[in-house]
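Colleague: Starting from these lines, generate the structure:
(2 chains)
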Amino acid sequence: MDMHQLSLTDISRALAAKEFSASELSSHLLARIKALDPQLNSFISVTEELALSQAKAADARRANGETGALLGAPIAHKDLFCTQGVRTSCGSKMLDNFKAPYNATVVEKLAGVGCVTLGKLNMDEFAMGSSNESSYYGAVKNPWDLTRVPGGSSGGSAAAVAARLLPAATGTDTGGSIRQPAALTNLTGIKPTYGRVSRWGMIAYASSLDQAGPLARNAEDCALLLQAMAGFDPKDSTSLEQPLDDYLAALNLPLKGLRIGLPKEYFAAGLDGRIAAATLAVVEELKKLGATVKDISLPNTQHAIAAYYVIAPAEASSNLSRFDGVRFGYRCENPQNLEDLYKRSRAEGFGDEVKRRILVGAYALSAGYYDAYYLQAQKIRRLIKNDFVAAFQEVDVILSPTTPNPAWKLGEKNNDPVAQYLEDIYTITANLAGIPGLSMPAGFVDGLPVGVQLLAPYFQEGRLLNVAHQYQQVTAWHTQAPSGF
Amino acid sequence: MQWETVIGLEIHAQLSTKSKIFSASATTFGAEPNTQASLIDLGMPGTLPVLNAEAVRMACKFGLAIDAEIAERNVFARKNYFYPDLPKGYQTSQMDHPIVGKGFLDITLEDGTAKRIGITRAHLEEDAGKSLHEDFHGMTGIDLNRAGTPLLEIVSEPDIRSAKEAVAYVKAIHALVRYLGICDGNMAEGSLRCDCNVSVRPVGQAAYGTRAEIKNVNSFRFIEKAINHEVQRQIELIEDGGKVVQETRLYDPNKDETRSMRSKEEANDYRYFPCPDLLPVVIEQSLLDEIRASLPELPVQKRERFEAQFGLSAYDADVLASSRELANYFEAVNATCNDAKLAANWVMGELSSLLNKDGLEIDQSPVSAEQLGGMILRIKDNTISGKIAKMVFEAMANGEGSADQVIEARGLKQVTDSGAIESMLDEMLAANAEQVEQYRAADEAKRGKMFGFFVGQAMKVSKGKANPGQVNQLLKSKLEG
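Modeller: Below you'll find the model as predicted:
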């Protein structure tokens, strides 16, 4: 089999067995990226030199007897993880000239265990979007249909992994930005519990919702990568000291007696009937593995999108204030005075969707509106969290479609931001509540991938990976590759 | 019309932590620009704050010292506005949940009466950097060394009624934060800065007048002048038929005037909201108990003890307790000489004028507390007179050693041998036989003045070394004789 067809787990084994070296593998993938990525536009930067030197170092470490599971494993980072000396653009003109002066904790940790960084992946500008069309570097195409979006905001990560340009990538998920693109490109992706993975060095969109996680071809690969990414970080005050579970060990637990909840609100109007059918087929498969199923209700779901589109823009409006043309990033030509510097640097440096969210957020926080919008949204957030806490008294995991529709055509929803916001309806609640969520391949509709989402109580990433892995032992959806890649 | 002044103060005290409130950078004053600015202080994308626990402890100390409630649950909020020396585009501060709630501070006015000033709240926040407009032609330099230095903003109630009261209050806060060791109080370096909210109203009117806020006044003297100027400006404005507008004003010490910076209409909407990068900080009772147990004796307690234990006047006790260093010095002098009144007189008199003259702090005093106490002992045992003591003091200040060394080296020992004094007096009286005759002929009323002449002559002849008490007594008996 070609090296690029191997999963991360396969690569780990092959490197250990010295079937090929990390250098050979990286060179092969770099060549593949060069040849194929022009069709996809999934990379913003390819870090060839860095990759080859890291691969060489990994090979040397292995020659010295080191055996880490990710030693020499090629990955790439969503372009909002600060990577020392490398452009970290956040998909924005604002940071097109920004070379990060330090490494994000995620970057540091993965480099530490010997991962080879092939490059920085395209994304919606400042992670704001569900289609990867808001990037300053242009839209990313879905390898399953190059006329369609790959989802977003981690669209570059999803497209690159789905197209076998690399086995796995990092992403971030603020309202579904790992799970939704994973669903639209036939990948497995997990958003961990809020606070499980350090946010240090991850350029913030909405601080109370942002969480990093892996996108890969299957649950086992996700477990391998998450194990290396997660853990307490004293540099992030919202990072949690809870000890890390052994995700690989959790994969093989039997599903007998697993209680699955199906929230009725996630199977309501707006859901493509074929996706509903695919989702229920997954349920049937899990039943065969010993799971039991129960209908449940998450009554405050209907308010989730409204609450999210107050809280996330409110935080973003403040988080993005530092991009002012003074210390780093884009500065307008020939500013006349301070106000001109601010206004033009920000007007020229940010794209439309970012400006839209800054405006919405600033409005929601402004005097006289704070109580009606921001405070109200926080109350809804609490109610949504309570819904989950109550539901998890009765069930172990909650299962739903990841998205109401498969990948849409490029440009189709560009003029209707609200229609695009509605695509996040099933994923947003996990971010508001802070619980972990996973999306896994569940079949195809008109040749386009469909994903199913699993949600679990706080810190039960292991359980999510376990259910997905057991499902993937008896099904083959996740092994399907897009033709031409 | 009679006017009443109403003043409320916001004091920003820089907490003397070693590192910044949300980063590990040092806080030392005066370093080369931007050498104490880390990635966090620069607001680099992706960086996150981690709260400095020492800043929280210091704020708790202050809260306990003013008898305030300490919030169990502390929330940091972002105050959003754009300014080049504010790297993140927001200042991390506290809004709805300040760490220190309502408290009070008792101040002593010049006439010795006490007044209680309410403190509304005190909250933790980060300082901004500095914009340097002078050094770069046509450009502004930004120094972010100060960005992220912890501040405690102390907000008073509008309980202050004059510029003098305002100064007394700021001095009391200044003394308190220095006692607590939470702020160095260096106003010239901006470690303690004051915003003054000033309004006037006709005497007897209950409602407050419209206030103006004078920003960043940085010395006791300027606080007094700025407030007095602003009060005068407001009264004249109203009496001329005008209206005070709510605005921020700047005091210009060179011109001794305040001028408008921005009006309420131009004021920012700060869009405060809880900072999502910092979790709420819970302060346990056990921490407060531990801090309370470690609090030093505070100015008010010290003042009361000085009055009770040493019988000092309220004024003397207040002056001596105004700084921990001065109080310690006084107590060390007293420990050596065991005479609190003499110790207080010398510390507040000769020593203070010496320090003032040379612009020295008490801990830079050229005369140590032990030296001064030792000298007072020699006054008490009649080795030297008060007058000679001033010479000894000066000699000690010039580095001539202890009082005993000076007395010995300069031969200043007082003559207390009554035989020697008597023969010296006889000689002197013989030399002034005419005056003696006049004295004896004079009536009681005139004699008082003339007696002084003989004392002066006696001291002159003895070069001041004769014990004045003995001189008086012996002279009297000889003249009356």
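Colleague: tally of neighbours for residue 376?
Modeller: You didn't say which chain, so I picked chain A. 16 (other CB atoms under 10 Å in any protein chain shown). Using the backbone N, CA and C atoms, a C-beta is placed for each residue, glycine as well.
Colleague: that's the wrong chain, I wanted chain B
Modeller: 23.
Colleague: Identify the residue spatially nearest to it, adjacent ones excluded.
Modeller: Excluding its sequence neighbours, the residue lying closest to B:Ile376 (CB to CB, 6 or more residues apart in numbering or on different chains) is B:Cys337, at 3.9 Å.
Colleague: Quick check, B:Asn268 in contact with B:Tyr83.
Modeller: No. Under the criterion of CB atoms under 8 Å, B:Asn268 makes no contact with B:Tyr83, lying 9.7 Å away.
Colleague: Those two: which has the busier surroundings?
Modeller: Taking neighbours as other CB under 10 Å, B:Asn268 and B:Tyr83 compare with B:Tyr83 leading, 17 against 12.
Colleague: Give me the contact list for stretch A:8-28.
Modeller: The contact list for stretch A:8-28 (CB atoms under 8 Å, 6 or more residues apart in numbering or on different chains) reads A:3-4, A:6, A:51-52, A:54-56, A:58-59, A:62, A:67, A:69-74, A:114, A:116, A:118, A:167-168, A:216-218, A:220-221, A:224-225.
Colleague: Next: stretch A:257-266.
Modeller: With CB under 8 Å, 6+ apart, stretch A:257-266 has contacts from A:283, A:286, A:289-299, A:301-302, A:391, A:394-401, A:426, A:467.
Colleague: Take that stretch and give me the span from its first residue to its final residue.
Modeller: 23 Å (CA to CA, to the nearest Å).
Colleague: For the stretch 301-450 of chain B, give the residue positioned nearest to chain A.
Modeller: When scored by CB to the nearest CB, the stretch 301-450 of chain B has B:Arg324 as its residue closest to chain A, at 34.8 Å.
Colleague: if we can go back for a sec, tell me which of the contacts of stretch A:8-28 fall in strands.
Modeller: Among these, DSSP state E puts A:74, A:116, A:118, A:168, A:216 in strands.
Colleague: count of residues packed around the residue of the stretch 301-450 of chain B closest to chain A?
Modeller: 20.
Colleague: That one against B:Leu180, yeah?
Modeller: No. B:Arg324 lies out of contact with B:Leu180 (CB under 8 Å); the separation is 9.2 Å.
Colleague: one step back: pull out the buried members of the contacts of stretch A:257-266.
Modeller: Buried subset of the contacts of stretch A:257-266 (neighbour count, 16 or more other CB atoms under 10 Å in any protein chain shown): A:283, A:286, A:291, A:293, A:296, A:298, A:301, A:391, A:395-401, A:426, A:467.
Colleague: Low-confidence stretches in chain A?
Modeller: By pLDDT under 70, chain A has no low-scoring segment.
Colleague: for it, which helix is longest?
Modeller: Ordering each helix of chain A by length in residues (DSSP state H) puts helix A:22-40 first.
Colleague: ok, back up a step: which of the contacts of stretch A:257-266 fall in strands?
Modeller: A:292-296, A:397-401.
Colleague: Spatially nearest residue to A:Pro167 (excluding sequence neighbours)?
Modeller: Closest residue in space to A:Pro167, ignoring its immediate chain neighbours: A:Leu8 at 4.2 Å, by CB to CB, 6+ apart.
Colleague: and the one you found, how many neighbours does it have?
Modeller: For A:Leu8, using other CB under 10 Å, the count is 27.
Colleague: quick one: it from A:Pro449, how far?
Modeller: 19 Å (CB to CB, to the nearest Å).
Colleague: What helices and strands are in contact with the helix or strand hosting B:Gln232?
Modeller: If you go by DSSP states H and E, B:Gln232 is part of helix B:220-239. If contacts are counted by 3 or more CB pairs under 8 Å, 6 or more residues apart in numbering or on different chains; DSSP states H and E, helix B:220-239 sits against strand B:3-14, helix B:163-180, strand B:192-202, strand B:212-217, strand B:247-252, strand B:257-263.
Colleague: give me that answer again for 6 Å
Modeller: Here helix B:220-239 touches helix B:163-180, strand B:192-202, strand B:212-217, strand B:257-263, going by 3 or more CB pairs under 6 Å, 6 or more residues apart in numbering or on different chains; DSSP states H and E.
Colleague: What residues does the stretch 151-300 of chain B have near chain A?
Modeller: B:269, B:271, B:273, B:276-279 (CB under 6 Å from any CB of the partner chain).
Colleague: So which bits of the stretch 201-350 of chain A are right by chain B?
Modeller: So the stretch 201-350 of chain A meets chain B at A:201-203, A:207-208, A:236-237, A:315, A:318, A:321-322, A:326, A:342 (CB under 6 Å from any CB).
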